[in-house]
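> When you get a sec, could you give me coordinates for this:
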Amino acid sequence: MDPILVATFYQFTPLEDYAALQTPLEACCDAHDVRGIILLASEGINSTIAGPPSGVMAVLDMLREDPRLAALTWKESSAKKQPFRKIRVRLKKEIVTMGVPGIDPCTLVGTYVKPEDWNALISDPEVIVIDTRNDYEIEIGTFQRAINPEIQSFNQLPQWLEEHLDGASQPRVAMFCTGGIRCEKSTALLKQTGIKEVYHLEGGILKYLEQIPEAESLWQGKCFVFDERVSVGHGLQVGEYELCRACRRPIQESDKESPHYLRGVSCPQCHDQTTDEQKSRFAQRQKQIDLARSRGETHLAS
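Below is the predicted model of the structure:
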């Protein structure tokens, strides 16, 4: 069986009629056995899709037929099995939610730094290196010298930046995220506040891990991805992490040895964050998943 092609992409571009794209995109994906998630908003598109290589390329070709998306680029990786259950094309206010009005990466954004130039930049002690991802993503991997803002969602980053960066001192700031999209907005925000030297990793961590050999890398650990692969490492090889089905955080074998781990119900990170009623509901869901699997079927919640 041919490996599944996974394509990750985004583009900030005005899409005033974005709702009109939803149905044709769903139909194209269904016709070519492509699954994943596509977010559409007036500011652009953000997506990860997976399927047969010919099918994924058919969807990308359809998108690039639109003049506004003609310059669309994507990052490719592979998976041994389909990492998505279905195709979801969602309409959103923002393709990545920051919650700050007026931020437009189409007109103002930080300086792109190619993966081969990234090591030199973040090794400079005068450069402040900021990981813009959520805390649970950072837990399993990040770059050397990177600051962890300890946020639970991206819309908390603007406040952290306001509290921890002194714009008057004109710091040199380097920012990075999984695929680059969060940095489009976070660097635009800093530039809007008047900070002049703001940089971000072009193509994100995924492009860096794809292009930079492990022996030359300043990346430590794995990179969390938002699909059933859970994590990837250098060369975009799938990592050893699984998802806790209760909190959707990454877990590894050592977490399963904890008395707080119950498959599909809780893990060491979330056992004290859910009620007994929720745990009972999760347990019932896991029971149904196991029953479906014993019959050779796939439960919708699996």
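> where along the stretch 101-250 of the chain do the helices fall?
Ranges of helices in the stretch 101-250 of the chain, per DSSP state H, counting those that start in this stretch, are 115-123, 135-138, 157-164, 181-192, 204-211.
> could you dump the longest one to CSV, C-alpha only?
This means helix 181-192. The C-alpha coordinates for helix 181-192 follow below in CSV (Å, rounded to 0.1, in the frame of the first residue of the first chain):
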residue,chain,number,x,y,z
ILE,A,181,1.1,30.5,10.8
ARG,A,182,1.1,31.6,14.4
CYS,A,183,4.3,33.5,13.9
GLU,A,184,2.7,35.4,11.0
LYS,A,185,0.4,37.0,13.5
SER,A,186,2.7,37.2,16.5
THR,A,187,5.5,38.9,14.5
ALA,A,188,2.9,41.3,12.9
LEU,A,189,1.7,42.2,16.4
LEU,A,190,5.3,43.0,17.5
LYS,A,191,6.0,45.0,14.4
GLN,A,192,2.8,47.0,14.9
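> which stretches of the stretch 101-250 of the chain form strands?
In the stretch 101-250 of the chain, the strands defined using DSSP state E, counting those that start in this stretch lie at 111-113, 127-131, 141-143, 172-176, 198-201, 219-221, 223-224, 231-232, 242-243, 250-251.
> possible to save those strands as TSV with distance to residue 270 and mean pLDDT?
Bear in mind the C-beta positions are built from the backbone N, C-alpha and C, glycine included. Shown next, in TSV, are the strands of the stretch 101-250 of the chain (distance: least, C-beta to C-beta, whole Å; pLDDT from 0 to 100):
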stretch	distance to residue 270	mean pLDDT
strand 111-113	36	97
strand 127-131	22	98
strand 141-143	20	98
strand 172-176	27	98
strand 198-201	30	98
strand 219-221	21	97
strand 223-224	16	96
strand 231-232	18	94
strand 242-243	11	93
strand 250-251	10	95
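> For residue 151, find the nearest of those strands.
Nearest of the strands of the stretch 101-250 of the chain to residue 151, taken as C-beta to C-beta: strand 127-131 at 9.7 Å.
> Mind giving me the packing neighbours of that closest one?
With contacts defined as 3 or more C-beta pairs under 8 Å, 6 or more residues apart in numbering; DSSP states H and E, the packing partners of strand 127-131 are strand 141-143, strand 172-176.
> Can you say which of those is nearest to residue 14?
strand 172-176 (24.2 Å).
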